[in-house]
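1. What follows is a predicted protein model with its sequence.
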Amino acid sequence: MSFFIESLLPSVITGEATVRRSPAGDQGPGGTNEADGADRVGELAPRHLSERHDVMTDTSRDETHRGIRATYAAFIATGFIFASWASRIPQFKEQLGLSAGQLGLVLLSIAIGSLVALPMAGAIVTRFGSRRTVATLAVLDGAALAVVALGYEAGVPVVVLGLVLFGFAQGGWDVAMNVQGAVVERRLGRAIMPRFHAGFSLGTVAGALLSALMVGLGVPVPLHLLVVAAVVAAYVPVAVRSFVPDTEPEPESEPASVKTSPLLAWTEPRTLLIGLFVLTFAFAEGTSNDWASVALIDGHGTSDTVGTLGFAVVLVAMTAGRWFGPHLLDRYGRAGLLQIMAVTAAAGLLLFVYAPTVPLAFVGTVFWGLGTALGFPVGMSAAADEPTRAPARVSVVASIGYCAFLGGPPLVGLLGDVFSVLTALLAVVVAMVVAVLVAPATKPPATASE
């Protein structure tokens, strides 16, 4: 995994880091003049970001590049371990004899664990730093997945215990790595958060494809998950040693910031609206993680292998959207593009639910994945527009988002018992309508771009 990250990222990081070193009028992505396109680019890289980047020394630039690689590693690893579990949900459902509603309640265990971790995540990251937080929770995440693996044979109580711990570790890990992502994005002076989340999606694709291979080869579920747990717990603490400090001295030209309580971020209307926006996209993404394969198997009558591949298709589409999304954001800005993405996701879900054939359902999964690609990462960037308040606001937005990311899928399971799994997915379409309405909140505040 380390070799893969090192070989993939240098050209990407170099390309990102060389933008905005010169005064206004330089050519931005696609040859656009940055002075002429300030209104669009300003949504992603407010002027204070480029000013901070201009004064970076070679040492700090190298440190930032190492931090970017480490942040990619954290995102990829958490996606890999989560998808390894999510891809095996159909086998757990069959092994434990669970109905759709009972499975939804089991999945609620992850939400419970995360909802315990999220309110305290901001304070934990502030106290111990994102590096130590991610390293510790990665080990806990691996241990939790090992408990889940043992519960495959031991029964539902052991699985529930493991999933509560898994959710706790995933929730805290997510907040901490997003805080680090906001820090290195600010240092870089250019939007890169969607690509970090593309790293998460890349990890989920790798986890889903490996799981599909394991299912096809008949590898026992406990063995598969135990190996994944050990690899992640051993790798991540080493990889994140290159995280950059979460805080840095203010430039002399800027007044010293006034310290305020992180809890005040919970009272800010814009932060809460961004949280609501992220919540809607987290619902769509979380539902795809937990129910795409189940819906294909139970709703469209596919085999386990085909169902798992359908989940992988969603993740591939999401990864592509996140990798190429920054260029679209530079050209069109946040709010309008995010509204288009929400409509795309809704259209994909409607096609997925009502498709008369499996191939058409797979086309629906492509649009589902593409449409949900940018919501969560751009929400994180929007929360971090103002550097002095970024950690607290990222923590709040991630906390709100995770309520749907983890609580939404169990809701789909309960609705699936009343109607059907496919019909229950229409709840995500409603969420995308809400996303269209609140997307304007992601525009940067005037003070961030003036």
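-> Nice, I can see it. Numbering: from 1, shown residues only.

2. Please state the offset of stretch 303-318 from the chain centre?
-> 18 Å (C-alpha atoms, centre = their mean, to the nearest Å).

3. Let me fix that, I meant to ask about stretch 205-223.
-> Counting by C-alpha atoms, centre = their mean, stretch 205-223 is centred 22 Å from the centre of its parent chain.

4. Which residues does that stretch contact?
-> Contacts to stretch 205-223, defined as C-beta atoms under 8 Å, 6 or more residues apart in numbering, come from residues 76, 79-84, 86-88, 91-92, 95, 149-150, 152-153, 224, 228, 304-305, 308-309, 311-312, 315-316, 319. From N, CA and C alone the C-beta is placed, and that goes for glycine too.

5. Can you tell me which of those residues are buried?
-> Buried members of the contacts of stretch 205-223, scored by 16 or more other C-beta atoms under 10 Å, are 76, 79-84, 86-88, 91-92, 149-150, 152, 224, 228, 304, 308-309, 311-312, 315-316, 319.

6. Next, the residue nearest the centre of the chain: secondary structure please.
-> A centroid search over the chain (C-alpha atoms, centre = their mean) returns residue 197, at 5.0 Å, as the residue closest to the centre. Look at residue 197: counting by DSSP: H, G, I helix; E, B strand; the rest coil, its state is helix.

7. i'd like the first residue to be 110 from this point on
-> Taking 110 as the first residue, the last one we looked at is residue 306.

8. okay, stretch 513-525 in CSV with CA atoms only?
-> The C-alpha trace of stretch 513-525 is given here as CSV (Å, rounded to 0.1, in the frame of the first residue of the first chain):
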residue,chain,number,x,y,z
ALA,A,513,-27.0,10.2,8.3
PHE,A,514,-23.9,8.4,7.0
LEU,A,515,-24.4,5.8,9.8
GLY,A,516,-28.0,6.3,10.9
GLY,A,517,-29.5,6.5,7.5
PRO,A,518,-28.8,2.9,6.3
PRO,A,519,-30.6,1.4,9.3
LEU,A,520,-33.6,3.5,8.5
VAL,A,521,-33.5,2.1,4.9
GLY,A,522,-33.6,-1.4,6.5
LEU,A,523,-36.6,-0.6,8.6
LEU,A,524,-38.4,0.9,5.5
GLY,A,525,-37.3,-2.2,3.6
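
9. Where do the strands of the chain begin and end?
-> With strands called from DSSP state E, the chain shows none.

10. low-confidence ranges in it?
-> Residues of the chain that meet the criterion pLDDT under 70 lie in 110-168, 357-369, 371, 496-497, 514-515, 555-559.

11. Now tell me what touches stretch 349-356 from outside.
-> Under C-beta under 8 Å, 6+ apart, the answer for stretch 349-356 is 172-173, 175-176, 178-180, 182-183, 234-235, 238-240, 243-244, 247, 288-289, 292-293, 296, 500.

12. gap between residue 275 and residue 255?
-> Separation of residue 275 from residue 255 (C-beta to C-beta, to the nearest Å) stands at 10 Å.

13. wait, isn't the residue nearest to the centre of the chain in contact with residue 484?
-> No. The pair residue 306 / residue 484 is not scored as a contact, 9.6 Å apart, by C-beta atoms under 8 Å.

14. where do the helices sit along the stretch 460-559 of the chain?
-> For the stretch 460-559 of the chain, applying DSSP state H, counting those that start in this stretch gives helices covering 467-480, 484-492, 499-527, 530-533, 535-547, 555-558.

15. Give the buried residues for the first one.
-> Same thing as helix 467-480. Applying a neighbour-count criterion of 16+ other C-beta under 10 Å, one finds 470-471, 473-480 buried in helix 467-480.

16. likewise the longest one?
-> Within helix 499-527, the residues scored as buried using 16+ other C-beta under 10 Å are 499-525.

17. Taking helix 499-527 as reference, get the angle to whichever helix in the chain runs longest.
-> Ranked by residue count and defined by DSSP state H, the top helix of the chain is helix 265-297. Calculated by axes from the mean of the first three to the mean of the last three C-alpha atoms, to 10 degrees, helix 265-297 forms an angle of 140 degrees with helix 499-527.

18. which helices and strands sit right next to helix 265-297?
-> In terms of contacts (3 or more C-beta pairs under 8 Å, 6 or more residues apart in numbering; DSSP states H and E), helix 265-297 is packed against helix 156-163, helix 167-195, helix 198-205, helix 209-237, helix 239-263, helix 302-326, helix 484-492, helix 499-527.

19. and the last one, how far out from the chain's middle?
-> With C-alpha atoms, centre = their mean as the basis, helix 499-527 stands 12 Å off its chain's centre.

20. same check, this time on stretch 522-542
-> 22 Å.

21. Name the nearest of the buried residues of helix 467-480 relative to residue 380.
-> Proximity of the buried residues of helix 467-480 to residue 380 (C-beta to C-beta) peaks at residue 480, which lies at 24.2 Å.

22. Around the closest residue to that closest one other than its chain neighbours, count how many other residues there are.
-> With sequence-adjacent residues excluded and distances taken as C-beta to C-beta, 6 or more residues apart in numbering, residue 480 is closest to residue 454, at 2.6 Å. With neighbours defined by other C-beta atoms under 10 Å, the count for residue 454 comes to 30.

23. Residue 454 and residue 545 touch, don't they?
-> No. With contact defined as C-beta under 8 Å, residue 454 does not count as touching residue 545 (10.3 Å).

24. Spit out the contact partners of residue 216.
-> Going by C-beta under 8 Å, 6+ apart, residue 216 touches 198, 272, 399, 515, 518-519, 522.

25. Please apply the same query to residue 470.
-> Residue 470 neighbours (C-beta under 8 Å, 6+ apart): 405, 409, 419, 460-461, 464.

26. Just send these back as TSV, with distance to residue 449 and neighbour count too.
-> TSV is the format used below for the contacts of residue 470 (distance: C-beta to C-beta, whole Å; neighbours: other C-beta atoms under 10 Å):
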residue	distance to residue 449	neighbour count
405	26	28
409	27	21
419	24	27
460	17	18
461	19	28
464	22	18
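
27. ok, these vs residue 448, which is closest?
-> Using C-beta to C-beta, residue 460 comes nearest to residue 448 of the contacts of residue 470, at 19.2 Å.
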